[in-house]
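Undergrad: Task: produce atomic coordinates for the following.
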Amino acid sequence: MSTRNDSYIVMVTWNAVPFSPTLSNHLKSVGTLINPKFLGQGIQFYLLGQKGLLPGRGVSDVQLANASPPLDQSGCVPALATSLGNDIDHDFASSNPGYLTLGSYKVGSFLKDCGLPKPCGGELLSVHVYTGRDHNDPPKLCVNGTYVFENKINSGGRGLNIAVINGPTGEVTKVANFDTWGVDSTMLELFLEDLQPDEIAVIFTHDEASTKLSELSRTILFDLGSSRIHDLKFRASWYMVGQRGIRGFSGFEKLNIGEKTNWAEVVDERFCLPRRLTGYLSRPDPLPETRNVPRLEFCQKHIGYGDFCGPESKLAPLAPAKLADVTLVNSPIYSDLTVVLVMAPPSRNALRMLLETLLGQPGVNPRQVMVSLRKTNDSETERLIKLFNFHILSGRIELDYRTHLVHSITDVFETLHPRYIVVIEENTVLSPDFLHYLATQEPLFEVDSTINAIGAWNDNGYVGVSSDLTRVHRVDGFPHQGFLTTRSFWEANTKNGDYSCCLTESWEGWFPKQKIISVVPDVSRIARISPPAGNGGVVREMFHRPREFSRQSELKIENNFPAAKDKFDAYMASTVSKAAKFHPKTVDLCPSSLNFVETSPKELSVALMMDKEEFNERSMNLIAKCFGLFAANGARPRGVYNESISLTKNKRLVVLVGPNSPLYTPAA
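TA: Residues are numbered from 1 along each chain as shown. Coordinates of the predicted model:
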């Protein structure tokens, strides 16, 4: 409940009010007290309150009996705080002695750059946060060379200590202490909700801060950018830097939890703070460095890297994102059982963009990543790769990309012996949930021996026919652009250096003489930033049309759409049997098919049945082209499984069923 201090709160119930601790806290913060046990019993209730008004000083009435007549109140609204009660204080200074504003708080000792080895430079602010080892070791906070909390300075102490910084000016405008061990969090909640978008809050604990820290306070701190506040325990040490309106998690946060009732290890952090925070979409690891000197030196020496070397970026640490989905912490995808192979493109800036999207994958471990180069003695590219702490795959240098790709995969398996390999082809970028998607699908290898690879690219993933982020498809053929496969499969099919499987470019289809089954997402988790060389029909059809691309992080693939063979086949048979069915004629194939999809009941899937007497072996090409799927002249359609093709339109499943498919049913 975020409102201006000079505004009324008018609240009226209707029907039932379910119990909620958060609602109870909100009501308390605007001037009323209602026993929570009455909530949920069909009460009638109204309130005229104001933010900061002490509990019980608002105008309210409550009716507990279900059959009572409705409450009816009218009259003149009293003036603001003067009539509602003189217990409100918009400045908070008198009602909360721990709250001090610019000009009223004391200035402590001066320490150049807050003890950092080098000046922060530019618009960055130097900061030192020290939580104290125990209740006898005072907390400290230095901002821009001046301590605003230290021994006997500004009442820093048990609970949460906060300094508010004006972003544009860099000045500390407020300092406050809230004893969340001994006092409830009401004033803390009001203080935090009063923060403005251009204000930065440095918040840290001392002694014990969790006992009376309310869920509402934790929620507000979460909204300010904390990813760890709900993990705060008894006598834990914690700090964060937050800002109202941040999109995601703050990169400035650390939490230490002690054993049993002992104090946790002290937080003692020095860093350079920007005046506007950048949020992370996934929970970030603690930043390992406050200044990325190697990146700065690289950017000073080399050009052509865009915003990677911009004024606000060239000092920023390059740290892997932490996996927030705890259900996948033991997945082989995030362990040494998997190697991530990156095929470096000719453009260094394209490689930079790819590596940035890889480092941003929650759970990625840099020691798993190998970047394969096609040039020798390329010191600039090697320095770029090392900025990300990735490894360089050294070895043979090939004349063409296809041969280099095949040999790089083999080299990884022969030298590192992983169970899996994730292959990321050149000139691509990854969706935020690329690795997460592969991790959710990896168990399929254990339960379904018919699956040879898991792809991140959908050949039919065009705009308009690819819309369901939670759906996967089984398809014939080996994937490309980005995929996961096993060492056992690769070694069994490339014995003694026999690479007859892969004589074409990957996107033209490897292992053409074998029955290959892959799993691919409905919406791709990888995108091309430039097409392959050439202007043939397959290249134009595959890479020159607008495509869908996931922009979600750690999105769960639902089990409603299983990919293991038996379950998938049973699911498709059941879905098609219940679908709206249509048997199109070749004479008006496109108009009639598209019209049927548009006019059939939206709650039903759609199955288009192609009768043998109407269609020949080219029927799949005709219907694929009609729906805007891959349909290059002379090339087999993509995404086929059991002689059918699945697509989604506005998350609605449409199945194109060939006459030889087990899903086919004749017209009634």
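Undergrad: Strands of the stretch 51-200 of the chain, residue ranges please.
TA: Using DSSP state E, counting those that start in this stretch, the strands found in the stretch 51-200 of the chain span residues 59-63, 100-101, 125-130, 140-143, 146-149, 159-166, 172-178, 199-206.
Undergrad: Describe which strands the shortest one pairs with in its sheet and in which direction.
TA: Note on strand 100-101: by DSSP bridges, its sheet partners are strand 172-178 (antiparallel).
Undergrad: residues making contact with the strand it pairs with?
TA: 96, 98-102, 105, 143-144, 146, 148-149, 154-157, 159-166, 185, 187-188, 191, 199 (CB atoms under 8 Å, 6 or more residues apart in numbering). In short, each C-beta sits where N, CA and C put it, glycine included.
Undergrad: Figure out how far it is from the centre of its chain.
TA: In this view, strand 172-178 has its centroid 32 Å away from the chain centroid, taken as CA atoms, centre = their mean, to the nearest Å.
Undergrad: Report whether P294 is found in a strand, as I expect.
TA: No: with DSSP: H, G, I helix; E, B strand; the rest coil as the criterion, P294 is helix rather than part of a strand.
Undergrad: Which pLDDT value belongs to it?
TA: Listed pLDDT for P294 reads 89.
Undergrad: for the stretch 301-450 of the chain, what are the low-confidence residue spans?
TA: 395-396 (pLDDT under 70).
Undergrad: Ok, the chain next?
TA: Checking the chain against pLDDT under 70 turns up 1-8, 13-47, 50-99, 102, 282-291, 395-396, 535, 554-561, 614, 616-619.
Undergrad: buried residues in the helix ranked longest in it?
TA: Looking across the chain with DSSP state H, the single longest helix is helix 401-416. Buried residues in helix 401-416, counted by 16 or more other CB atoms under 10 Å: 401-402, 404-413, 416.
Undergrad: would you turn the residues you listed into CSV with distance to N292?
TA: What follows is these, written out as CSV (distance: CB to CB, whole Å):
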residue, distance to N292
Y401, 32
R402, 36
H404, 31
L405, 32
V406, 36
H407, 34
S408, 29
I409, 32
T410, 35
D411, 31
V412, 29
F413, 34
L416, 28
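Undergrad: my guess is A573 is in a strand, correct?
TA: No: assessed with three-state DSSP, A573 is helix; it does not lie in a strand.
Undergrad: now I623, nearest residue through space, not along the chain?
TA: Distances taken as CB to CB, 6 or more residues apart in numbering place L656 nearest to I623, at 5.0 Å, with adjacent residues excluded.
Undergrad: Near that neighbour, how many residues? Count them for me, please.
TA: Using other CB atoms under 10 Å, the number of residues around L656 comes to 28.
Undergrad: For it, give me phi and psi.
TA: Taking degrees, to the nearest 10, you get phi -100, psi 110 for the backbone angles of L656.
Undergrad: separation between it and D522?
TA: Separation of L656 from D522 (CB to CB, to the nearest Å): 15 Å.
Undergrad: how near is the closest residue to E442 other than its chain neighbours to Y420?
TA: Among residues not flanking E442 along the chain, I333 sits closest, at 5.6 Å (CB to CB, 6+ apart). According to CB to CB, I333 and Y420 sit 7 Å apart.
Undergrad: These two: which has the busier surroundings?
TA: Using other CB under 10 Å, the more surrounded residue of I333 and Y420 is I333, with 25 against 22.
Undergrad: Could you pull up the residues touching the more buried one?
TA: Neighbour list for I333: 363, 420, 422, 435, 438-439, 442, 484 [criterion: CB under 8 Å, 6+ apart].
Undergrad: Looking at those residues, spot the one nearest C120.
TA: Nearest to C120 among those: G363, at 30.6 Å, using CB to CB.
Undergrad: Phi and psi next, for K578.
TA: Here is the backbone geometry of K578 (degrees, to the nearest 10): phi -100, psi 0.
Undergrad: Show the contacting residues for it.
TA: Neighbouring residues of K578 by CB under 8 Å, 6+ apart: 604-605.
Undergrad: Tell me the helices and strands packed up against the helix or strand harbouring K581.
TA: According to DSSP states H and E, K581 maps onto strand 580-582. Strand 580-582 is packed against helix 589-599, strand 606-609, with contacts defined by 3 or more CB pairs under 8 Å, 6 or more residues apart in numbering; DSSP states H and E.
Undergrad: most packed of those?
TA: strand 606-609 (a mean of 24; mean count of other CB atoms under 10 Å).
Undergrad: Sheet partners, orientation included, of that one?
TA: With DSSP bridges as the test, strand 606-609 pairs up with strand 580-582 (parallel), strand 652-657 (parallel).
Undergrad: Quick one: closest of those to D113.
TA: Short answer: strand 652-657, nearest of the strands paired with strand 606-609 by CB to CB, at 59.2 Å.
Undergrad: Give me the angle between the closest one and helix 589-599.
TA: Angle between the axes of strand 652-657 and helix 589-599 is 150 degrees (criterion: axes from the mean of the first three to the mean of the last three CA atoms, to 10 degrees).
Undergrad: Could I get the full set of helices for the stretch 501-650 of the chain?
TA: Ranges of helices within the stretch 501-650 of the chain are 537-543, 565-578, 589-599, 619-626, based on DSSP state H, counting those that start in this stretch.
Undergrad: how about the helices in the stretch 101-250 of the chain?
TA: 186-193, 215-223.
Undergrad: shared neighbours, I333 and Y420?
TA: With CB under 8 Å, 6+ apart as the test, I333 and Y420 both reach 442, 484.
Undergrad: circling back to that earlier point, tell me the most buried of the helices of the stretch 101-250 of the chain?
TA: Of the helices of the stretch 101-250 of the chain, helix 186-193 is the most buried (mean count of other CB under 10 Å), at a mean of 22.
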